[in-house]
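J.: Mind looking at a prediction? Sequence and model below.
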Amino acid sequence: MKKLLLTTAALALTTGFAMADTVRLGTEGAYPPYNFINDKGEVDGFERELGDELCKRAELTCEWVTNDWDSIIPNLVSGNYDVIIAGMSITDERDQVIDFTQNYTLPDPSAYLAPSADVDVKSGVIAAQSGTIQASYVASSGATLVEYATPEESIAAVRNGEADAVLADRAFLLPVAEEDAGLELLEELVMIGGGIGLGLRESDAELKAKFDAAIQSMKDDGSLNALIEKWEIGLTF
Amino acid sequence: MFAFCSDPASLDGLAWITCYLTTAKHLQLYYAVGTVLLLLAITAPAALAFGFGGAMAARAHLAPLRWFGKAYIAVVRGVPDIAFFLFFVIALDQAFEWTRHQILCPDWDQPIRQGNDFVVCQAAKLPLGSAPQWVHETYGFTLAVLTFAIVFGAFAANVLFGAMRAVPRAQMETAEAYGMTRRQAFWRIMVPQMWVYALPGLGNLWMVLIKATPLLFLLGVEDIVYWARELGATANPRFTDYPHGDWRMWYFLGLMVFYLGFTRVSEVVLERLMQRLTLGQATTGGEAQRKAA
């Protein structure tokens, strides 16, 4: 019996070593409060804390890398990192290319940010970050879509009058509206997307299962809700 | 960085600016300046070597070698840089990993291409998944240097090819009359004389190369333009100790000064080099120098 225990322990240890590969987490680093680069030059925000906790629970060593939003899916697929954790909503279109874990936020309403409340969002010029669910929503809503590579630029477009309003996640626009007296959130909310999940390669079923379990355990013990409240992400589970 | 920076909210004026400009995030901007300069310092000679090789191949007597040289110059010059950077680098990286996969994991039974995914065994990953971040960065940087060298090498090859043909035929005939072999005449007569014809074209290439570095971010190497955009973005007090508005204009102004200064220095150096190379050459410039002396 003792010998058996020892062999299992040794086996567990060796598999432990084999599994000690670093999991690289890819994020954008320009979308507070989800993810941003703090004064120390490190990735910070809701997803930083979430990702670190998930890795701890899944017993993985994780490393953070930043990547341009536009090429974030191609670089995942070609293996430059293993997980996308960048406030990416789960959509059918993306699901055809990559796999998603279960969602770690509820579908967060998207909101319009505009200089005044009387903007007509159905026919005006609306800014959005390219390749986002908001951009495809605006494109199909009848309004004129102008796309920008970064979230920051889409807000700057409203400030300097290039666009009438910007459509983005409410949690991202809220701190912006609080700081800038010249901009306000419109009452109208848009429900798009199926919540945010981790994006993984379709061939990485094993890693996906680990993260799914870790997210489930954070949902069950309420620590995920605590994080959502801390960073004011939106609705809790 | 400094002791008095521990409570940024209480600072103002010069102290605030000092602390702001020395945050770890700003240090990464300064570090990126070093990255860009290092890239240029390595890429320029590498591209020149590729160019020299390409030009020699394009002039070769052996037909396949000549075709190769000409094809290299024509194809690479014709493909847009951004397409080259997106396609070629990923293809190059996958070619390395595919080769390593064949050698290191012979008994792997799953297909490498699974739909969109490119899957090789863990041991074949380049760099290894467990390698520290700096290895990944160095690898990305190396790929960038190689790609820049190939792209700019093709342009340089075209310039050098033209410069070699511009060397007066009489010079080569004289060399032949002295009984030099083809190789001797090439190295002793043609190469020393061609630089004066090549320099204006090479100088142009250098100027373009200086400004091409933002292509680096396509490869995940964070260059100065990336950091200027990131640091200049509106800083919300909830997420930073140094809140400010949209300062991208000032950061890009700084970049402009940097680039203009850099190109100005390059111009001065190139002009000096031109003076040196013209000395004693059978060109109008060389003739003017001889008369003035």
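T.: Arrived safely, thanks for sending. Computed from a prediction, not measured in an experiment: that's the story for all the values here.

J.: A:Glu179 touches B:Pro237, doesn't it?
T.: Yes: with contact defined as Cβ atoms under 8 Å, A:Glu179 reaches B:Pro237; the gap is 6.9 Å. From N, CA and C alone the C-beta is placed, and that goes for glycine too.

J.: Tell me the residues that contact both of the two, please.
T.: Counting by Cβ atoms under 8 Å, 6 or more residues apart in numbering or on different chains, the contacts common to A:Glu179 and B:Pro237 are B:Pro243.

J.: for A:Ala128, phi and psi?
T.: Main-chain torsions, A:Ala128, degrees, to the nearest 10: phi -160, psi 160.

J.: if I pick it, what's in contact with it?
T.: A:Gln134, A:Ala135, A:Tyr137, A:Val138, A:Leu145, A:Val146, A:Glu147, A:Tyr148, A:Ser154, A:Val166, A:Leu167, A:Ala168.

J.: looking at this, the third one is in a helix?
T.: Think A:Tyr137. Yes: counting by DSSP: H, G, I helix; E, B strand; the rest coil, A:Tyr137 falls inside a helix.

J.: pretty sure it is touching A:Pro109, no?
T.: No: counting by Cβ under 8 Å, A:Tyr137 stays clear of A:Pro109, with 11.8 Å between them.

J.: now the helices: where do they sit in the chain?
T.: Using chain A. Along chain A, counting by DSSP state H, helices occupy A:2-19, A:46-57, A:72-77, A:92-95, A:133-141, A:151-159, A:170-179, A:205-220, A:223-230.

J.: could you do chain B instead?
T.: For chain B, the helices defined by DSSP H occupy B:13-21, B:24-58, B:63-78, B:81-83, B:89-104, B:133-166, B:169-177, B:182-185, B:191-211, B:224-232, B:248-278, B:284-292.

J.: which intervals of chain A have sub-threshold pLDDT?
T.: Scanning chain A for pLDDT under 70 picks out A:1-21.

J.: center of it - which residue?
T.: Geometric centre of chain A, nearest residue: A:Gly87, 1.1 Å, by Cα atoms, centre = their mean.

J.: For it, which non-adjacent residue is closest in space?
T.: A:Tyr34 (3.8 Å; Cβ to Cβ, 6 or more residues apart in numbering or on different chains).

J.: Neighbours of the one you found, how many?
T.: 27 (other Cβ atoms under 10 Å in any protein chain shown).

J.: Would you check how far apart it and chain B are?
T.: With distances taken as Cβ to the nearest Cβ, to the nearest Å, A:Tyr34 is found 11 Å from chain B.

J.: next one: A:Asp68
T.: 6 Å.

J.: How about the contacts made by that residue?
T.: A:Glu28, A:Ala149, B:Phe217, B:Leu218.

J.: Backbone dihedrals for it, please?
T.: Dihedral angles (degrees, to the nearest 10) for A:Asp68: phi -60, psi 140.

J.: What distance do you get for B:Trp195 to B:Cys5?
T.: Taking Cβ to Cβ, to the nearest Å as the measure, B:Trp195 falls 51 Å from B:Cys5.

J.: Any stretches of chain B with poor pLDDT?
T.: Short version for chain B, where the test is pLDDT under 70: B:1, B:116, B:129, B:220.

J.: Thank you kindly, that will do.
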